[in-house]
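**Student:** return atomic coordinates for the entry below.
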Amino acid sequence: FKKGQQVSISTLNGRVVLPYEGYAKHLEYIAQGAEIGAGKLWYSKAKKQYFLLVPLTFELPEAEPATHKQVVGVDVGMRYFATASNTSGKALFKSGKATLRKAERYAKSRKSLQQKGTRSAVRRLVQLSGRERRFIADVNSSLAVQILNTFPHAFIGVEELTGVRDRTERRSRKNSSEKTRKANRRRARWSYAELLGFLAYKAPLRGSMVVKVDAHYTSQTCPRCGHCSK
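**Tutor:** So this is what the prediction gives:
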């Protein structure tokens with residue numbers, strides 16, 4: 001990076017110095033001397049524009065739970081990707097209906113291309129796979145931002161997701177119904193851990209803190225006194 005919001009890039013014809021644009025907050029981090037990681041130059045065919053993707057590392061003050069203004073619980077699932085609520089009764093529901101419908105279209109296209117097996121179908125399959133991963137990542141990232149914006153400066157508890165598929169998937173058998181197989185495909189496709197990762201690293205930037213909570217009996221436990229009962 002150079003002064004005057006310019007960047008030096010190595011090309012086949014030598015180095016070139018070019019001006020760049022970016023989000024105001026990111027530019028502020030760079031100006032403040034944030035540590036810069038390995039950059040990646042990416043070309044968008046749709047926009048016919050180059051993007052320089054650069055990870056930034058900077059120090060944040062140690063999180064202190066006493067400074068958080070509210071406590072929030074987040075539950076994840078398939079019918080609703082996330083249900084978040086605080087102790088004051090404010091809630092956020094993120095339906096997965098429209099998103100899963102689009103994800104199903106990706107699955108149908110992938111199945112059709114796999115059956116063809118031609119060289120062009122394989123190339124198309126690789127493109128489709130990358131597009132599907134970016135779509136899922138974009139939904140998870142947007143959802144994490146929505147939760148953090150709805151509940152600012154919060155102490156956020158998210159259920160422990162390790163082994164969630166083993167706990168929720170029904171065992172597939174030869175005579176399993178299409179509904180069961182479809183539900184298993186949906187669970188296998190979605191990345192709950194990615195959503196937790198986005199929440200964990202975005203939260204400190206917004207004055208919040210994320211912790212993992214054991215999911216057992218959380219729906220049967222009173223949030224005020226801790227009494228557990230069906």
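**Student:** give me the neighbour count for Lys212.
**Tutor:** 13 (other C-beta atoms under 10 Å). Just so you know, the C-beta spots here come from the backbone N, C-alpha and C atoms, and that holds for glycine as well.
**Student:** so what's it bridging to?
**Tutor:** Val158 (DSSP bridges).
**Student:** one more: Ser95?
**Tutor:** Tyr80.
**Student:** would you check that it makes contact with Met78?
**Tutor:** No: assessed by C-beta atoms under 8 Å, Ser95 is found out of contact with Met78, at 10.5 Å.
**Student:** so which of the two has more stuff around it?
**Tutor:** Met78 (15 against 12).
**Student:** quick one, what contacts Gly207?
**Tutor:** Applying C-beta atoms under 8 Å, 6 or more residues apart in numbering to Gly207 gives the contacts 67-68, 152-153.
**Student:** how close does the closest residue to Val16 other than its chain neighbours get to Ala31?
**Tutor:** Among residues not flanking Val16 along the chain, Ile9 sits closest, at 5.7 Å (C-beta to C-beta, 6 or more residues apart in numbering). Distance of Ile9 to Ala31, computed by C-beta to C-beta, to the nearest Å: 19 Å.
**Student:** more neighbours: these two, which one.
**Tutor:** Ile9 (13 against 10).
**Student:** ok, residues contacting the helix or strand encompassing the residue nearest to Val16?
**Tutor:** Assigned by DSSP states H and E, Ile9 belongs to strand 6-11. With contact meaning C-beta under 8 Å, 6+ apart, strand 6-11 is reached by 1-2, 15-20, 41, 52.
**Student:** remind me, longest helix of the chain?
**Tutor:** helix 119-150 (DSSP state H).
**Student:** what ranges do the strands span in the protein?
**Tutor:** Secondary structure of the chain (DSSP state E): strands at 6-11, 14-19, 35-36, 40-44, 49-53, 56-57, 70-76, 80-86, 91-95, 154-159, 209-213.
**Student:** for the last one, which helices and strands make contact with it?
**Tutor:** So the one you mean is strand 209-213. The contact analysis (3 or more C-beta pairs under 8 Å, 6 or more residues apart in numbering; DSSP states H and E) places strand 209-213 against strand 154-159, helix 192-202.
**Student:** so for that strand, what gets flagged as buried?
**Tutor:** Judged by neighbour count (16 or more other C-beta atoms under 10 Å), strand 209-213 contains these buried residues: 209-210.
**Student:** pLDDT on that strand, on average?
**Tutor:** When pLDDT is averaged along strand 209-213, the result is 88.
**Student:** and that strand with helix 192-202, angle?
**Tutor:** Between strand 209-213 and helix 192-202, the angle comes out at 150 degrees (axes from the mean of the first three to the mean of the last three C-alpha atoms, to 10 degrees).
**Student:** next, the angle strand 154-159 makes with strand 209-213.
**Tutor:** Going by the same axes, to 10 degrees, strand 209-213 makes 30 degrees with strand 154-159.
**Student:** just the fourth one next, same as before
**Tutor:** Between strand 40-44 and strand 154-159, the angle formed by their directions is 80 degrees, by the same axes, to 10 degrees.
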